[in-house]
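In: Got a predicted model here, sequence first, then my questions.
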Amino acid sequence: MHRTVHFFYIEVIMSMEKLIELQGIDTKLRDLNDLLGDLPFKVNELNQQEAFIKNSLIEKKERLKELAVESHKGEVRIAEINDKVSKLKDQLFLVTNNKQYDALMHEMDHMKEERSTIETETLSFLEEIETLKESVETMESDLGSLSNEITVRREKLESVISDSAEEKSSLEQKRSNKVESLDLNTVSIYNRVFQARDGLAVVNLSGNGCGGCGAHVPMQKVTEVRANSAIHRCDVCGRFLYSENNSVN
Ligand SMILES: [Zn+2]
């Protein structure tokens, strides 16, 4: 019985130490992330903007190609029609009766009608081309200044990241070792409180109160926390409580 109790105390002390260390690691990780500020977010946002403009430019340029092909087709067809109409005009001199004359006139009218339709269509193509070209020009210049901004911010971000990368990965390694050495239940409580309590899940007793929220801690708990004989959490904020006097660090 004595042995069991003894081991239990050691386990409590060790768990509490690990929790304190875990909190220390997480606080450092948080400070590192704060160092990056909203740069990653900004860079991501700019990248998305850039991608959007690039896609839109591709679409517009494809449409421009289509329009060029279509208006060229129109021009070719109009030339064909003009050619045909002038041939029909020549034939008018050769007709021998009204029926032939009417037939030729009818065909010519038909041709002219088609030409007029194509001309209207081509005109609207040309207007669209004009608008698209202006918009492509604006977008390309926007893209230019955006790319500059992205480059500047990305370089800044990369330099901050590379400065802190080594420290961050070593902290993350330490964190995962620490987490593995704790039991799952404790870690899950820790993580929950950490999320809910603004990144502070393990706090020192402040007199007889919780060092996190200031709530009163019952004397029995205070005694046990000071004696390291049990792991307790604040009844109000849920944070793990420790007593600095007993902390190894
Ligand atoms: Zn509290």
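Out: Nice, thanks for sending it over. Numbering: from 1, shown residues only.

In: any idea how far the spatially most central residue of the chain is from the ion?
Out: In the chain, the residue lying closest to the centroid (Cα atoms, centre = their mean) is N44, at 5.1 Å. From N44 across to the ion, the span is 36 Å (Cβ to the ion, to the nearest Å). No exception for glycine: its C-beta is placed from N, CA and C like everyone else's.

In: which element is that residue on?
Out: helix 39-92 (DSSP states H and E).

In: elements contacting that helix?
Out: If you count contacts as 3 or more Cβ pairs under 8 Å, 6 or more residues apart in numbering; DSSP states H and E, helix 39-92 packs onto helix 98-181.

In: before we move on, back to that, what mean pLDDT does the helix holding N44 get?
Out: Mean per-residue pLDDT for helix 39-92: 93.

In: Run the angle between it and helix 98-181 for me.
Out: Per axes from the mean of the first three to the mean of the last three Cα atoms, to 10 degrees, the angle that helix 39-92 makes with helix 98-181 is 170 degrees.

In: Point out the residues in this structure that sit beside the ion.
Out: C210, G212, C213, A215, C234, V236, C237 (Cβ under 5 Å from the ion).

In: got the contact list for the fourth one?
Out: Think A215. Shown in contact with A215 (Cβ atoms under 8 Å, 6 or more residues apart in numbering): G209, C234, D235, V236, C237.

In: Before we move on, what's the pLDDT of the first one?
Out: On the pLDDT scale, G209 is placed at 95.

In: for the second one, same thing?
Out: C234 is assigned 97 on the pLDDT scale.

In: cool, the last one as well?
Out: Model confidence at C237, given as pLDDT, is 97.

In: Any regions of this protein where pLDDT drops low?
Out: 1-9, 245-249 (pLDDT under 70).

In: Walk me through the domains of it.
Out: The chain breaks down by automatic domain parsing into domains covering 2-35+183-246, 38-166.

In: Buried deepest among these, which one?
Out: Counting by mean count of other Cβ atoms under 10 Å, domain 2-35+183-246 has the highest mean neighbour count of the domains of the chain, with a mean of 16.

In: Distance from the chain centre to the helix holding N44, please.
Out: With Cα atoms, centre = their mean, to the nearest Å as the basis, helix 39-92 stands 32 Å off its chain's centre.

In: again, but for stretch 234-245
Out: The answer for stretch 234-245 is 38 Å, by Cα atoms, centre = their mean.

In: Could I get the residues of the chain next to the ion in JSON lines, plus columns for secondary structure?
Out: Putting the residues of the chain next to the ion into JSON lines (DSSP: H, G, I helix; E, B strand; the rest coil) gives the following:
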{"residue": "C210", "secondary structure": "strand"}
{"residue": "G212", "secondary structure": "coil"}
{"residue": "C213", "secondary structure": "coil"}
{"residue": "A215", "secondary structure": "coil"}
{"residue": "C234", "secondary structure": "coil"}
{"residue": "V236", "secondary structure": "coil"}
{"residue": "C237", "secondary structure": "coil"}
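
In: quick check: longest strand of this structure.
Out: Ranked by number of residues, the top strand in the chain under DSSP state E is strand 202-206.

In: partner strands of it, parallel or antiparallel?
Out: For strand 202-206, the paired strands and their directions (DSSP bridges) are strand 209-210 (antiparallel), strand 240-242 (parallel).

In: I'd like the ones you listed laid out as TSV, including distance to K99.
Out: Below are the strands paired with strand 202-206 laid out as TSV (distance: least, Cβ to Cβ, whole Å):
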stretch	distance to K99
strand 209-210	110
strand 240-242	107
